[in-house]
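Engineer: make a model of this:
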Amino acid sequence: MSSIYVHVPFCLNKCPYCAFESGDRFSDDELNFEYERIKIDMLYASKLRPKAETVYFGGGTPPVIGISRLTGLIRYAYETFEIPEGAEVTCEVNPKTVNRDFLTRMKEAGFNRLSIGVQSLNEDMLKTLGRIHSAEDAVKCVSDGRKAGFDNISCDLMFALPNQTVQMVEADVRRMLELQPDHISLYPLSIEHGTMFYARKVQKPDENTEYAMYKLICRMLKEAGYIHYEVSNYCLPGKESRHNINYWRGGEYIGCGRGSHSYAAGYRFNYTGYMEQITEEEAESERIMLGLRLAEGIPMEAEKVKRVRKYIDHGYAEYKNGILSLTEDGFWISNAIIGEVLA
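Structural biologist: Numbering: from 1, shown residues only. Next up is the predicted model:
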């Protein structure tokens with residue numbers, strides 16, 4: 001399976017926790033330049049991999065480039081690649097950057113899945129995160145997306161935020177469930193080097209509180225019918241992110257635009273010209289690191305499984321019919337388990 005990722009490195013406001021390549025100071029000329037660059041990247045990518053079974057626009061905030069450029073790019077993708085009927089075509093949006101008319105035009109141009117950066121539905125937490133939208137903006141964005149014809153909507157939700165309590169997380173999840181998204185991407189706040197949060201030495205809740213938040217969210221989403229199919233992702237039946245599953249299963253993907261990365265034909269490369277051939281040993285390590293993120297697990301020989309027997313005995317992992325998989329509690333300590341497998 002081959003996927004196309006389009007990186008749009010512009011935001012209206014750079015969030016203080018964000019470590020992705022994006023900027024909030026740009027001119028119209030820069031937007032036009034990046035628009036043309038992405039089209040050139042798409043053209044070259046189509047020569048390498050002409051078929052794209054999923055397309056994902058991320059960033060940054062893709063709608064910042066404007067509706068004409070955004071719809072121009074997705075239409076160009078359909079012209080340039082062989083995109084089969086029913087392919088998953090996603091665009092990330094910030095609730096403040098779109099309205100119903102904007103979303104309707106996106107849908108008409110060929111997008112069929114939205115990934116909405118909600119992050120929280122608590123006004124104080126949104127201010128802490130430096131978000132430019134309000135909780136009501138997020139609610140309206142989901143509603144507008146449905147009215148525009150999107151039947152596949154994912155919402156991002158963050159937890160373990162500064163000064164956040166378990167009770168606040170519960171209220172956030174309850175309100176999120178009222179929106180009935182098809183998919184929820186759940187992330188504990190990570191203080192990344194190079195971000196404003198890192199420079200300010202922002203403090204998160206302690207580990208015990210963070211774990212209590214995680215367990216509460218898992219229980220609430222499970223009771224609401226969501227499947228915990230990947231470490232950080234939940235969905236209603238049949239609504240998994242096919243694009244991201246391709247990453248986790250080691251599939252090929254081609255990146256277009258500044259800040260994008262690619263993996264194809266046994267090579268990893270990016271927009272700067274960097275290229276590295278992946279050895280068999282590295283490919284096997286990545287198969288383990290990425291594959292164990294999925295609830296379905298990965299085939300594993302019994303000899304290697306011996307390294308993590310203690311985790312299996314304590315309920316953090318399972319080994320059945322030659323498949324090693326992590327449990328809900330195992331997801332929480334996945335890095336430790338994966339490290340043991342690779343040791």
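Engineer: count of neighbours near Ser232?
Structural biologist: Using other CB atoms under 10 Å, Ser232 is surrounded by 16 other residues. Where you see a C-beta, it was placed from the backbone N, CA and C, and this is true even at glycine.
Engineer: for it, give me phi and psi.
Structural biologist: phi -110, psi 10 (degrees, to the nearest 10).
Engineer: hang on, it packs against His183?
Structural biologist: No: in this structure Ser232 lies outside contact range of His183 using CB atoms under 8 Å: 11.3 Å.
Engineer: okay, and the common contacts of those two?
Structural biologist: By CB atoms under 8 Å, 6 or more residues apart in numbering, Ser232 and His183 have no common neighbours.
Engineer: residue ranges of the helices in the protein, please?
Structural biologist: With DSSP state H as the criterion, the chain has helices at 28-48, 67-80, 100-109, 123-128, 135-147, 166-179, 196-200, 207-223, 242-248, 280-291, 302-305, 309-313, 328-332, 334-342.
Engineer: packing partners of the longest one?
Structural biologist: Counting contacts by 3 or more CB pairs under 8 Å, 6 or more residues apart in numbering; DSSP states H and E, helix 28-48 packs against strand 2-8, helix 67-80, strand 252-256.
Engineer: point out the most buried one among the ones you listed.
Structural biologist: Of all the helices and strands packed on helix 28-48, strand 2-8 carries the top mean neighbour count, a mean of 25, counting by mean count of other CB atoms under 10 Å.
Engineer: give me the sheet partners of it and which way each runs.
Structural biologist: strand 54-59 (parallel), strand 252-256 (parallel) (DSSP bridges).
Engineer: on that earlier part again, ok, which of the helices of the chain comes nearest Cys256?
Structural biologist: Nearest to Cys256 among the helices of the chain is helix 28-48 (3.7 Å), distances taken as CB to CB.
Engineer: for that closest one, buried residues please.
Structural biologist: 31, 34-35, 38-39, 41-42, 45-46 (16 or more other CB atoms under 10 Å).
Engineer: which of the residues you listed sit farthest apart?
Structural biologist: The span of the buried residues of helix 28-48, defined through CB to CB, is set by Leu31 and Ser46 at 22.9 Å.
Engineer: okay if I get the helices and strands packed on helix 28-48 as JSON lines plus distance to Tyr226?
Structural biologist: Output for those, formatted as JSON lines (distance: least, CB to CB, whole Å):
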{"stretch": "strand 2-8", "distance to Tyr226": "24"}
{"stretch": "helix 67-80", "distance to Tyr226": "28"}
{"stretch": "strand 252-256", "distance to Tyr226": "26"}
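Engineer: any chance of JSON lines for those, columns mean pLDDT and distance to Phe26?
Structural biologist: Listed next are the helices and strands packed on helix 28-48 as JSON lines, based on pLDDT from 0 to 100; distance: least, CB to CB, whole Å:
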{"stretch": "strand 2-8", "mean pLDDT": "95", "distance to Phe26": "11"}
{"stretch": "helix 67-80", "mean pLDDT": "98", "distance to Phe26": "12"}
{"stretch": "strand 252-256", "mean pLDDT": "95", "distance to Phe26": "18"}
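Engineer: measure Leu31 to Arg174 for me?
Structural biologist: Counting by CB to CB, to the nearest Å, the gap from Leu31 to Arg174 is 39 Å.
Engineer: typo on my end, Glu252
Structural biologist: From Glu252 to Arg174 the distance is 40 Å (CB to CB).
Engineer: now swap in Leu294 and tell me
Structural biologist: Taking CB to CB as the measure, Leu294 falls 27 Å from Arg174.
Engineer: of those two, which one has the most company?
Structural biologist: Leu294 (19 against 12).
Engineer: mind pulling up the pLDDT for that one?
Structural biologist: pLDDT, Leu294: 98.
Engineer: what residues are up against it?
Structural biologist: 229-230, 245, 248-249, 325.
Engineer: of these, buried ones?
Structural biologist: In the contacts of Leu294, the ones that pass as buried (16+ other CB under 10 Å) are 229-230, 245, 248, 325.
Engineer: what's the farthest-apart pair in these?
Structural biologist: Between any two of the buried ones among the contacts of Leu294, the greatest separation by CB to CB is 14.8 Å, found for Ile245 and Ser325.
Engineer: ok, Thr165 - contacts?
Structural biologist: By CB under 8 Å, 6+ apart, the neighbours of Thr165 are 205, 209.
Engineer: quick check: buried residues in stretch 93-101?
Structural biologist: Neighbour-count burial for stretch 93-101 [16+ other CB under 10 Å]: 93-98.
Engineer: tabulate those (a markdown table), appending distance to Lys107 and pLDDT.
Structural biologist: Output for these, formatted as a markdown table (distance: CB to CB, whole Å; pLDDT from 0 to 100):
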| residue | distance to Lys107 | pLDDT |
| --- | --- | --- |
| Val93 | 12 | 98 |
| Asn94 | 17 | 97 |
| Pro95 | 17 | 97 |
| Lys96 | 19 | 96 |
| Thr97 | 16 | 96 |
| Val98 | 11 | 97 |
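Engineer: outline the domain layout of the protein.
Structural biologist: As recorded under automatic domain parsing, the domains making up the chain are 2-246, 281-343.
Engineer: mean neighbour count, these: which tops it?
Structural biologist: Mean neighbour count (mean count of other CB under 10 Å) peaks for domain 2-246 among those, with a mean of 18.
Engineer: hey, what's the nearest residue to Gln119 once chain neighbours are set aside bridged with?
Structural biologist: With CB to CB, 6 or more residues apart in numbering as the criterion, Gln119 has its nearest non-adjacent residue at 4.8 Å, and that residue is Met158. Legend: beta-bridge partners of Met158 under DSSP bridges are Tyr187.
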